[in-house]
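Enquirer: only geometry, no sequence info:
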């Protein structure tokens, strides 16, 4: 059952060095505040999973928290490359980075398989593609009923999944709506999960047919972190900060500039200061 706690305690208790960690959110509701606390606590040797790693994973990789990453696209959306990710792959700075690249469809199906406690996912995909040549975790299976040859990938079972959501009630039930990506599947596939939310309310009252409610029994820890998705957006709370994504391109290009930003905006801040960071950076 979900426990309402602080961000520092949620990360300390649920993210361990060497863990496989998924932080999901598709343009919307990316868990930046939680990712910053992972960096602040000096977590190391993490194998990161994310369908679309953007600047949050650039920060984690550049800060030395990651040993590897499974992903299906990596970049600064609408801007360009992730310079810290690229530096790690090309120059092994600050550490060498193991990478496992997939398609969006394979990642989504792998999360679905993990949520269903299946060993692998299969899909119609990768036919004529080059990824199977460089990724040994892309296999083929033959349908026992039709003889059709399909692609297969291992199910994703994170040690811990971290997401940001809109609201939670005092029992720990969590509400998501808008673009929800694979957050539900990523939480259900994980051994432990942390959900940061914009606010804690007495009742959720799902406002629309596409709302997703994660029940308390499926979540480990819930933390109120207003603004916790900044610079991504939270529907009904604040817009995406396009200016920050543009600014990040220059910040991340140079190692010294990047390290100075991490020191000033993460290491010198406390877990309760994220709203101040968001306001300053907006």
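Expert: Arrived safely. Just so it is clear, the structure is predicted and the values come from calculations on it, not from any experiment.

Enquirer: Skipping adjacent residues, who's closest to residue 126 in space?
Expert: Leaving aside its sequence neighbours, residue 126 sits nearest to residue 151 (CB to CB, 6 or more residues apart in numbering; 4.4 Å). C-beta here means a position set from N, CA and C on the backbone, and glycine is covered the same way.

Enquirer: can you tell me the helix or strand for that neighbour?
Expert: Using DSSP states H and E, residue 151 sits in strand 149-154.

Enquirer: Could you point out the helix or strand that follows that strand?
Expert: That would be, after strand 149-154 and using DSSP H and E, strand 160-169.

Enquirer: Beyond that following strand, next helix or strand please.
Expert: strand 174-176.

Enquirer: Tell me which stretches of the protein form strands.
Expert: 3-4, 20-23, 46-50, 66-71, 98-101, 120-123, 139-142, 149-154, 160-169, 174-176, 192-201, 212-214, 221-224 (DSSP state E).

Enquirer: Wait, residue 215 touches residue 173, no?
Expert: Yes - counting by CB atoms under 8 Å, residue 215 touches residue 173, with 5.7 Å between them.

Enquirer: more neighbours, these two?
Expert: Ranked by neighbour count (other CB atoms under 10 Å), residue 215 and residue 173 place residue 173 first, with 19 against 12.

Enquirer: that older thread, how near is the residue nearest to residue 126 to residue 73?
Expert: Distance, residue 151 to residue 73, by CB to CB, to the nearest Å: 18 Å.

Enquirer: Looking at these two, which is more packed in?
Expert: More crowded of residue 151 and residue 73, by other CB under 10 Å: residue 151, with 23 against 15.

Enquirer: Residue 72 versus the more buried one, what's the distance?
Expert: The value you get for residue 151 to residue 72, if CB to CB is used, is 13 Å.

Enquirer: Same question for stretch 40-59: list its buried residues.
Expert: By 16 or more other CB atoms under 10 Å, the buried positions in stretch 40-59 come out as 40, 43-44, 46-59.

Enquirer: cool, stretch 83-94 as well?
Expert: Of the residues in stretch 83-94, those buried (16+ other CB under 10 Å) are 83-89, 94.

Enquirer: Pull the contacting residues for residue 2.
Expert: 168, 171-174, 195, 216-217, 219-222 (CB atoms under 8 Å, 6 or more residues apart in numbering).

Enquirer: which residues touch residue 185?
Expert: 108, 111-112, 114-115.

Enquirer: what ranges do the helices span in this protein?
Expert: 7-14, 32-40, 55-62, 83-91, 104-115, 131-134, 183-189, 242-253, 255-262, 274-281 (DSSP state H).

Enquirer: Figure out which of those is closest to residue 229.
Expert: Smallest distance to residue 229 across the helices of the chain (CB to CB): 6.1 Å, for helix 32-40.

Enquirer: average pLDDT for that closest one?
Expert: Averaged across helix 32-40, pLDDT comes to 97.

Enquirer: Likewise for stretch 243-254?
Expert: 97.

Enquirer: Let me know the pLDDT of residue 209.
Expert: pLDDT, read off for residue 209, is 75.

Enquirer: burial of it, as a residue count?
Expert: 6.

Enquirer: Repeat that for residue 208.
Expert: The number of residues near residue 208, taken as other CB under 10 Å, comes to 7.

Enquirer: Nearest spatial neighbour of it, chain-adjacent residues omitted?
Expert: residue 177 (5.7 Å).

Enquirer: which stretches of this structure aren't confidently modelled?
Expert: Applying pLDDT under 70 to the chain flags the ranges 271-282.

Enquirer: What are the neighbouring residues in contact with the residue nearest the centre of it?
Expert: Taking CA atoms, centre = their mean, the centroid of the chain lies closest to residue 23, which sits 1.7 Å from it. Going by CB under 8 Å, 6+ apart, residue 23 touches 30-31, 34-35, 48, 50, 56-57, 161-163.

Enquirer: What is the nearest of the residues you listed to residue 187?
Expert: residue 161 (5.1 Å).
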